[in-house]
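A.B. asks: With the input below, show me the fold.
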Amino acid sequence: MADSLKPPVSDQLDYKPLAPLALAGFLISCVYVAVLAIAVLVAFSQGKPLIFASWTLAVPFVSAALCYVAIRQIRAADDTRAGLGLARKGLTFSLLAGIAYTSYWLATDFAISTQASQFADKWFEKIKAGDIDAAYLDFLPPGDRQTIDPHNRDHLEARFNRSDGGAMRGALTSFRRQDLVRLVSFDPANTHFRLQNIVSWEPYEGGYLVRPHYVVSGPEGDFDLELSLHGTESPHKEFTGRQWRIRGEQTRFGARRLTPVGEQTFRARKSGREFFESWVQKYMRADSFEAFLDTRPPAERDGLRREAAARTVLAHFAGTGPLTGGMGCWAPGAETPLGCEVMFPSYRAWCEGATTDSTDLWGSKNMCDAARPLMRTFFRPVPPRPGPILQPDPAAFARVKVDAQRVELWQDCTFVLSADYAAEGVVILQTDAASLASAAPQWQIIGAKMDQVKAAPSMMSQMLGAYGPGSGPQRP
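C.D. replies: Got it, this is the predicted structure:
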């Protein structure tokens, strides 16, 4: 009787538990497809690149793997598990979306990596060719540099090389003295750039930020260099296609592996810089004769000191001794700049600009005409100033010239000519190649070259103004 009350077997509910992996894989695939579709619409409407973080490439394939495992489990469960349809749909969605986006990502990776490396190669070639001003323009946003002539120096200097706010030098001069520029200028023909890899790339401010890793190889060694390149397209059609710029604040040198020549030049930069700074300090202490001695060959200096001491004694004796009747007739000694000029023609020649070169001078005609006389007599102490004022460039990678006999170091600095004028240029130092290998190289100042005249930075104008109105001519 009880058995007759049970429903037929076919009428009983045939319940099968849903496979968890099938549900998880299907839900992940649906969420990924929905997010991808929304991102495509947003990117298309805003004209921005569609790039997710690189780790998201794994999401659809993880979902596909879950769905595939679910299908295998359901088939192996002898029809006791449900969810086969969900797993198949999740697998299809995941593979289609994953393959489509991965293909887009790889194509984008290839395109922007190729474009960025081609741009960097052209930039390196500009530096190797000595076209430094054109290389500098590649730091500007592409829209800003479209109408700028890289060979119009007047415009470049006026726009990019102002030393406002008390700065000693402008951005263009600072770039000309960058480590990379100087490293290449040591031997451009034998300096090469090798792309090692693309460290990373990512969407950035409506474009892409690419960080390629290069190795700069030259006579001085191998230097790791990481560039930061920003590629954008113009929303206002100022230029066509994607164009690139260099972000200087994110570009840096890494490890360096020096050759014997590189070790020699780095020693030269270090010891030459120390010598140069001590020479500048001698002028600041009003010790012009000792500063002058550094312009003579090292073998002559002790003899000149003894001669100066003897002449000073004779000068004092001539001024106060019995031959003058004690009248105090003055004769200048070597302790005064005038005495140096009287007794040492080589000192007078140095003070009169015999080794100061200003022939290739850039600046307005009025400024050049007013500054050239000041340049010729720059190293002559003029009271009330203790001596010439030089400001070494603290960051510049000094140029070095090496041959079998000697080493030349070109130390960048700013020459403060007066309260109104300053000049950019170099002081040239020299030492024997054999001396450089010693613990105390014997350097000699052999000349100065000034190549650009400009208005004196405000802080230097104030410093020189403290010496009085006679410290320099008024600006025309």
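
A.B. asks: So residue 429 belongs to a strand, correct?
C.D. replies: Yes. Using DSSP: H, G, I helix; E, B strand; the rest coil, the secondary structure at residue 429 is a strand.

A.B. asks: Nearest spatial neighbour of it, chain-adjacent residues omitted?
C.D. replies: residue 409 (4.4 Å; CB to CB, 6 or more residues apart in numbering). Quick note: C-beta positions are derived from backbone N, CA and C, even for glycine.

A.B. asks: list the contacts for the residue positioned nearest the centre of the chain?
C.D. replies: Centroid-nearest residue in the chain: residue 178, 4.8 Å away (criterion: CA atoms, centre = their mean). Applying CB atoms under 8 Å, 6 or more residues apart in numbering to residue 178 gives the contacts residue 397.

A.B. asks: State the distance from it to residue 258.
C.D. replies: 19 Å (CB to CB, to the nearest Å).

A.B. asks: repeat for residue 58
C.D. replies: Distance from residue 58 to residue 258, by CB to CB: 42 Å.

A.B. asks: For the residue nearest to the centre of the chain, give me the pLDDT.
C.D. replies: Reported pLDDT at residue 178 in the predicted model: 85.

A.B. asks: Repeat that for the one 4 residues further on.
C.D. replies: According to the model's per-residue confidence, residue 182 sits at a pLDDT of 84.

A.B. asks: Check residue 246 too.
C.D. replies: pLDDT, residue 246: 94.

A.B. asks: Give the burial count for residue 187, as a bare number.
C.D. replies: 13 (other CB atoms under 10 Å).

A.B. asks: next SSE after the helix or strand containing residue 118?
C.D. replies: Using DSSP states H and E, residue 118 sits in helix 84-128. Using DSSP H and E, the helix or strand that follows helix 84-128 towards the C-terminus is helix 132-137.

A.B. asks: so where's the stretch 351-476 of the chain uncertain?
C.D. replies: Applying pLDDT under 70 to the stretch 351-476 of the chain flags the ranges 382-387, 394-396, 457-476.

A.B. asks: one more time with 80, if that's ok
C.D. replies: Within the stretch 351-476 of the chain, the ranges that satisfy pLDDT under 80 run 380-388, 393-397, 403-404, 435-439, 456-476.

A.B. asks: what's residue 266 in contact with, if anything?
C.D. replies: Contacts of residue 266 by CB under 8 Å, 6+ apart are 220, 258.

A.B. asks: Kindly list the main-chain dihedrals of it?
C.D. replies: Main-chain dihedrals, residue 266, degrees, to the nearest 10: phi -70, psi -40.

A.B. asks: quick one: it from residue 398, how far?
C.D. replies: Noted for residue 266: a distance of 10 Å to residue 398, by CB to CB.

A.B. asks: any chance you could map the strands in the stretch 301-450 of the chain?
C.D. replies: 356-357, 389-392, 399-402, 406-416, 421-432, 444-455 (DSSP state E, counting those that start in this stretch).

A.B. asks: Quick one, which of those gets closest to residue 155.
C.D. replies: For the strands of the stretch 301-450 of the chain, proximity to residue 155 was assessed by CB to CB; strand 444-455 is nearest, at 14.9 Å.

A.B. asks: Give me the angle between that closest one and strand 421-432.
C.D. replies: 160 degrees (axes from the mean of the first three to the mean of the last three CA atoms, to 10 degrees).

A.B. asks: in strand 444-455, what's buried?
C.D. replies: Buried residues in strand 444-455, defined by neighbour count with 16 or more other CB atoms under 10 Å: 444-445, 447-450, 452-455.

A.B. asks: thinking again about what came up before, in a markdown table: the strands of the stretch 301-450 of the chain, plus distance to residue 100.
C.D. replies: Shown next, in a markdown table, are those (distance: least, CB to CB, whole Å):
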| stretch | distance to residue 100 |
| --- | --- |
| strand 356-357 | 65 |
| strand 389-392 | 59 |
| strand 399-402 | 54 |
| strand 406-416 | 55 |
| strand 421-432 | 56 |
| strand 444-455 | 57 |
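
A.B. asks: re earlier: other SSEs contacting the helix holding residue 118?
C.D. replies: With contacts taken as 3 or more CB pairs under 8 Å, 6 or more residues apart in numbering; DSSP states H and E, helix 84-128 sits against helix 20-46, helix 58-76, helix 132-137, helix 179-185, strand 192-204, strand 207-218, strand 229-233, strand 242-246.

A.B. asks: looking at those, which is closest to residue 100?
C.D. replies: Per CB to CB, nearest to residue 100 of the helices and strands packed on helix 84-128: helix 20-46, 8.3 Å.

A.B. asks: now the angle between helix 84-128 and that closest one, please.
C.D. replies: Going by the same axes, to 10 degrees, helix 20-46 makes 40 degrees with helix 84-128.

A.B. asks: for the record, mean pLDDT for helix 20-46?
C.D. replies: Mean predicted lDDT for helix 20-46 stands at 87.

A.B. asks: Distance from it to the middle of the chain?
C.D. replies: 43 Å (CA atoms, centre = their mean, to the nearest Å).

A.B. asks: buried sites along that helix?
C.D. replies: So helix 20-46, judged by 16+ other CB under 10 Å, has buried residues 21-26, 28-30, 32-33, 36.

A.B. asks: Just give me the closest of those to residue 189.
C.D. replies: Using CB to CB, the buried residues of helix 20-46 come closest to residue 189 at residue 36, 50.9 Å.

A.B. asks: before we move on, the earlier item: got the phi and psi for the residue nearest to the centre of the chain?
C.D. replies: Dihedral angles for residue 178 - degrees, to the nearest 10 - are phi -60, psi 150.

A.B. asks: any idea how far it lies from residue 144?
C.D. replies: 20 Å.
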